[in-house]
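Asker: the amino acid sequence is not available; the structure is as follows:
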């Protein structure tokens with residue numbers, strides 16, 4: 001049965017259901033929005049710290065929720081309920097529990113990580129205080145770790161652990177037998193670091209007499225101990241050890257070495273003089289005597305040269321000023337100094353090079369090389385030439401040298417000798433190939449040309465012609481030799 005249009009309108013208007021219209025604001029979507037706004041308003045009430053002063057949240061125990069004391073109790077309660085985790089240590093503090101107004105904390109700031117007005121920072125700073133800090137429980141270490149420190153290791157095991165770089169305590173070895181066993185096993189391990197470590201412990205725990213007595217029968221350990229004492233500069237104990245062992249020569253040398261620490265030259269000379277009576281070996285005694293003689297002579301020469309330099313009496317000091325005093329210089333340096341400034345002095349003076357050579361028994365080669373370097377330094381080529389000139393038994397002049405002429409050329413070249421001087425001594429080298437090599441190196445063309453001529457090697461002479469300058473005297477000399485029909489060339 002069909003309803004009329006008026007009846008349909010009455011039906012829809014009288015029903016509790018309403019038709020959907022875009023203009024209707026009282027629909028389910030609007031109610032959903034209102035519900036969401038209500039929830040958000042509740043959240044804002046929870047998050048708003050300004051209203052928390054009016055309503056304080058407390059737990060079942062009566063403590064303010066979010067305070068430090070509440071956090072500690074809640075953590076302890078949760079740990080008691082959990083059997084698998086160790087309990088936290090009890091925290092004791094004399095400070096009164098913080099209420100909500102003091103901490104300024106809320107649940108939202110703790111669990112959401114929000115930081116309003118510095119609340120979370122204040123909570124972090126409070127936890128940083130040592131009186132209320134929560135400590136995580138320390139897990140029990142394995143027994144093997146505790147064994148490293150508390151077990152009774154035998155001497156063998158102790159040495160092995162020292163070799164492995166593990167921490168051990170040597171203090172538990174109290175008896176002399178255990179200490180000596182420890183030293184013997186350390187020596188048997190052939191590890192210098194372990195031996196030194198054990199010796200340091202024995203030095204600290206044994207009296208000197210017992211330690212020296214036991215080291216005397218253990219030469220390897222004794223050498224390590226002497227080296228250790230030398231490195232640490234324990235001169236007093238080292239002298240006592242050497243005296244107890246009867247090593248008088250070592251005692252004398254150790255005392256003699258103390259002169260190095262004396263700065264004043266007169267005091268050093270007197271100290272070295274006092275060492276002459278020490279029980280040195282014959283060879284060492286001769287060295288100490290030479291040292292004293294050299295110091296005494298250096299003091300005399302230095303005083304005289306200072307006056308001469310100050311008064312301007314010697315021209316050599318003005319041409320070649322002294323760079324340093326001669327005091328405490330080695331013997332060869334002293335000889336070189338005297339060859340520079342006192343070369344022509346008579347043999348009877350302390351500063352004469354010949355006197356120094358005779359006094360200190362300097363070898364001929366050492367003396368010759370020192371004099372050659374000194375006179376070449378001063379460009380005194382006449383003195384250099386006189387060193388090599390000698391007469392044979394027939395009265396003929398001949399150049400002779402205790403050094404090889406190759407060494408002579410090297411010394412002259414280092415002192416910037418001119419080519420004319422170098423050429424004379426390069427030509428005295430016996431070996432032809434070496435002579436050619438030195439001549440080419442120092443551009444002594446005449447030596448190369450004459451050597452190729454003596455070898456009668458036309459091809460080498462023609463090749464060398466290309467290396468000399470065009471129109472030079474060397475090129476003309478080569479052309480004359482090549483055109484000489486009297487020379488029988490090999491090629």
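Answerer: Now that the structure is in, tell me what you want to look at. Worth saying up front: this structure is predicted, and the values here are computed from it rather than measured.

Asker: so what secondary structure elements neighbour the helix or strand harbouring residue 477?
Answerer: Assigned by DSSP states H and E, residue 477 belongs to helix 473-482. Applying 3 or more CB pairs under 8 Å, 6 or more residues apart in numbering; DSSP states H and E, we find helix 473-482 packed against helix 445-455, helix 458-465. Where C-beta positions appear, they are placed from N, C-alpha and C, glycine not excepted.

Asker: next, the angle from the last one to helix 473-482.
Answerer: So that's helix 458-465. Relative orientation of helix 458-465 versus helix 473-482 (axes from the mean of the first three to the mean of the last three CA atoms, to 10 degrees): 160 degrees.

Asker: now the first one
Answerer: Orientation check (the same axes, to 10 degrees): helix 445-455 against helix 473-482 gives 10 degrees.

Asker: deepest in the core, which of the helices and strands packed on helix 473-482 is it.
Answerer: For those, the largest average neighbour count (mean count of other CB atoms under 10 Å) is found in helix 445-455, namely a mean of 18.

Asker: can you report how many residues lie near residue 313?
Answerer: Applying other CB atoms under 10 Å, we find 9 residues neighbouring residue 313.

Asker: let me see the backbone angles for it.
Answerer: Backbone torsions of residue 313, given as degrees, to the nearest 10, read phi -80, psi -20.

Asker: which residues touch it?
Answerer: Listed by CB atoms under 8 Å, 6 or more residues apart in numbering, the contact set of residue 313 is empty.

Asker: now residue 229
Answerer: Under the criterion of CB under 8 Å, 6+ apart, the neighbours of residue 229 are 237, 238, 241.

Asker: tell me the helices and strands packed up against the one helix or strand residue 366 maps to.
Answerer: Using DSSP H and E, residue 366 maps to helix 364-377. In terms of contacts (3+ CB pairs under 8 Å, 6+ apart), helix 364-377 is packed against helix 331-341, helix 353-360, helix 381-388, helix 405-414.

Asker: of the ones you listed, flag the one that's most buried.
Answerer: By mean neighbour count, with neighbours taken as mean count of other CB under 10 Å, helix 331-341 ranks first of the helices and strands packed on helix 364-377 at a mean of 20.

Asker: which other helices and strands contact that helix?
Answerer: When contacts are defined as 3+ CB pairs under 8 Å, 6+ apart, helix 331-341 packs onto helix 282-311, helix 315-319, helix 353-360, helix 364-377.

Asker: let's see 7 Å
Answerer: Other helices and strands packing on helix 331-341, by 3 or more CB pairs under 7 Å, 6 or more residues apart in numbering; DSSP states H and E, are helix 282-311, helix 353-360, helix 364-377.

Asker: what's the shortest one packed up against?
Answerer: Based on contacts counted as 3+ CB pairs under 7 Å, 6+ apart, the elements that helix 353-360 packs against are helix 331-341.

Asker: go again with 10 Å.
Answerer: Contact partners of helix 353-360 among helices and strands, from 3 or more CB pairs under 10 Å, 6 or more residues apart in numbering; DSSP states H and E: helix 282-311, helix 331-341, helix 364-377.

Asker: this completes my enquiry, with thanks.
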